[in-house]
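# Task: produce atomic coordinates for the following.
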Amino acid sequence: MSWDIRQIRRELHQIPELAFEEDKTHEYVRDLLQRLDGITLKYFQNSKGILVEYSHGEGDYQLFRADMDALPITENTGVDYSSRQCGMMHACGHDIHMSVLLGLIERVCEKKPKANLLFLFQPAEEGKGGAESILSEGIIQRYPIHSVYALHVASGLPVGTISSREGIFFGIPQEFDVVFTGRSAHAAYPEQGRNALLMGLTFITLMNTDIEDLQREHRAIFHIGKMVSGTIRNIVPDKCVIEGTHRSLEKDARDAMNRYIAENARNAAEQLDGEYQVDLLCSYDPVVNDGSLERKLREHCASLNYTYITADAAMTGEDFGFFTSMYPGLLFWLGSGSDSPLHSDKFLPDEDCLEIGINTFYSLIQE
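Predicted coordinates for the structure are as follows:
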């Protein structure tokens, strides 16, 4: 049996689902895997993840992982296999990731390497804690795992190009919300109110001052993406909601920015006699690539005639970092041939990258 991986990718592309809602995706992947001999499927209680076991006797396992979820984006690619799910799109290439992993499993079942392998289809990578949910069930930890692997399609890299680096590869994202509460009043009598919008602006000013050195010394990023306050022009706003994110390469820098957020939210509220609430939301471990695995990737790319480029450390977040915190690991960029950015409504990888991903993954299997 030989699967049409391109068709599989197109069918997955049409059924994008959000984090922890991957019902159709789970069913589609499961039904394909059940056609193969020589593997065992295991499921999780708290998600639609699927773990595939290929065992060849005693010894350690290598784990290859693909993420399953999509994004709340309306597709604008114009292809005839566009998303059929209103307002949802595989705009981060997880359809490619799953298709590559399916192609790898099919090849393993055909060639029967003398290796112990695990293949993980992981839900909820996009900010909902999918890796933590999977690991919290303890199923993976029952196996003696030697190393873990994942890939991510990259915009701006041509097909046939692989890019990675030793050490910290993807940084630490931290999402946060800050809510200020004041008291409304007519604009003609501002002394009767407590201006929550002004609290929010004061908070941002304090943050930009305090983190200046941190950003310069640690290559950290602090970003406010959304600020909502007020209902009408002549009323003092009684509420201000700020949504933001910060990115860093070191946990110390992340922790420092979290402290600054808490301290400056309190200071801004106290200065204007208001109240505040800080919610620190999703945060990932950094993705740290093992040096020996990265060097093997370079060697295999040369033997496969693929171009290898040393990557810069990225501020992109990836919950594969929870795996590289536990095991020696390797994540690499897979050139997609698309110039549209990730998370764009026009992001559409070239399907020629599928075979490149499968070949690269297969070359990393240690018999």
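
# Around residue 164, count how many other residues there are.
For residue 164, the number of neighbouring residues by other C-beta atoms under 10 Å comes to 22. C-beta coordinates here come from the backbone N, C-alpha and C atoms, glycine included.

# how close does it sit to residue 325?
18 Å (C-beta to C-beta, to the nearest Å).

# now swap in residue 224 and tell me
Per C-beta to C-beta, residue 224 is found 29 Å from residue 325.

# how about the nearest residue to residue 51, chain neighbours excluded?
Once its chain neighbours are removed from consideration, residue 51 has its nearest residue in residue 42; the separation is 4.3 Å (C-beta to C-beta, 6 or more residues apart in numbering).

# hang on, that neighbour is in a strand, isn't it?
Yes - assessed by DSSP: H, G, I helix; E, B strand; the rest coil, residue 42 belongs to a strand.

# Pull the contacting residues for it.
By C-beta atoms under 8 Å, 6 or more residues apart in numbering, the contact list for residue 42 reads 50-53, 139.

# And the strands in this protein, which stretches?
All strands of the chain, identified by DSSP state E, fall at 40-43, 50-54, 61-67, 117-122, 145-154, 161-164, 167-170, 172-181, 221-229, 239-248, 275-283, 287-289, 307-310, 329-335.

# and the second one with strand 117-122, angle?
Compare the direction of strand 50-54 with that of strand 117-122 by axes from the mean of the first three to the mean of the last three C-alpha atoms, to 10 degrees and you get 170 degrees.

# Give me the sheet partners of strand 50-54 and which way each runs.
Pairing partners of strand 50-54, with direction, according to DSSP bridges: strand 40-43 (antiparallel), strand 117-122 (antiparallel).

# Packed most tightly, which of those strands would that be?
With neighbours taken as mean count of other C-beta atoms under 10 Å, the strands paired with strand 50-54 reach their highest mean count in strand 117-122, at a mean of 24.

# got the CA coordinates for that one in PDB?
Backbone C-alpha positions of strand 117-122 (Å, rounded to 0.1, in the frame of the first residue of the first chain) are rendered in PDB as follows:
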ATOM      1  CA  LEU A 117       9.900   4.300  17.700                       C
ATOM      2  CA  LEU A 118       7.000   6.400  19.000                       C
ATOM      3  CA  PHE A 119       5.000   8.800  16.900                       C
ATOM      4  CA  LEU A 120       2.900  11.400  18.600                       C
ATOM      5  CA  PHE A 121       0.000  13.400  17.200                       C
ATOM      6  CA  GLN A 122      -0.300  16.100  19.700                       C
END
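
# From residue 147, how far out is residue 208?
Taking C-beta to C-beta as the measure, residue 208 and residue 147 are separated by 42 Å.

# These two: which is more packed in?
When residue 208 and residue 147 are compared for neighbours, residue 147 comes out ahead with 21 against 13, by other C-beta under 10 Å.

# Name the nearest residue to that one, ignoring sequence neighbours.
Distances taken as C-beta to C-beta, 6+ apart put residue 328 closest to residue 147, at 4.8 Å, once the chain neighbours are dropped.

# show me the contacts for the one you found.
If a contact means C-beta under 8 Å, 6+ apart, then residue 328 has 146-148, 290, 292-293 as its contacts.

# Mind doing that once more with 7 Å?
For residue 328, the contacting residues are 147, 290, 293, taking C-beta atoms under 7 Å, 6 or more residues apart in numbering as the criterion.

# Next, the contact list for the closest residue in space to the last one that isn't next to it in sequence, please.
Excluding the flanking residues, the one nearest residue 293 by C-beta to C-beta, 6+ apart is residue 330, at 4.0 Å. With contact taken as C-beta under 7 Å, 6+ apart, residue 330 is in contact with 149, 289-290, 293-294, 297.

# so residue 330 bridges to which residues?
Per DSSP bridges, residues listed as beta-bridge partners of residue 330: residue 149.

# Tell me which residues touch residue 135, please.
Listed by C-beta under 7 Å, 6+ apart, the contact partners of residue 135 are residue 322.

# Report the backbone C-alpha coordinates of the worst-scoring helix or strand of the chain on mean pLDDT in PDB.
For the chain, the helix or strand with the lowest mean confidence is helix 212-218, at a mean of 82 (criterion: mean pLDDT, DSSP states H and E). Extracted C-alpha coordinates of helix 212-218, given in PDB (Å, rounded to 0.1, in the frame of the first residue of the first chain):
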ATOM      1  CA  GLU A 212      14.500  48.800  28.400                       C
ATOM      2  CA  ASP A 213      17.700  47.300  29.800                       C
ATOM      3  CA  LEU A 214      16.200  43.900  29.900                       C
ATOM      4  CA  GLN A 215      15.200  44.000  26.200                       C
ATOM      5  CA  ARG A 216      18.600  45.200  25.200                       C
ATOM      6  CA  GLU A 217      20.700  42.800  27.300                       C
ATOM      7  CA  HIS A 218      18.500  39.600  26.900                       C
END
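
# If you count contacts, what does that helix end up packed against?
Packed against helix 212-218 by the contact rule (3 or more C-beta pairs under 7 Å, 6 or more residues apart in numbering; DSSP states H and E) you find helix 251-271.

# Residue 274 is in contact with residue 195, correct?
No - at 8.0 Å, residue 195 and residue 274 do not qualify as touching, with contact defined as C-beta atoms under 7 Å.

# Mind listing the shared neighbours of the two?
Listed contacts common to residue 195 and residue 274 are residue 182; contacts here mean C-beta under 7 Å, 6+ apart.

# Name the spans of the stretch 1-150 of the chain whose pLDDT lies under the cut-off.
Low-confidence segments of the stretch 1-150 of the chain, defined by pLDDT under 70, span residues 1.

# quick one, helices of it?
Assigned helices in the stretch 1-150 of the chain, in chain order: 5-13, 23-33, 94-111, 130-136 (criterion: DSSP state H, counting those that start in this stretch).
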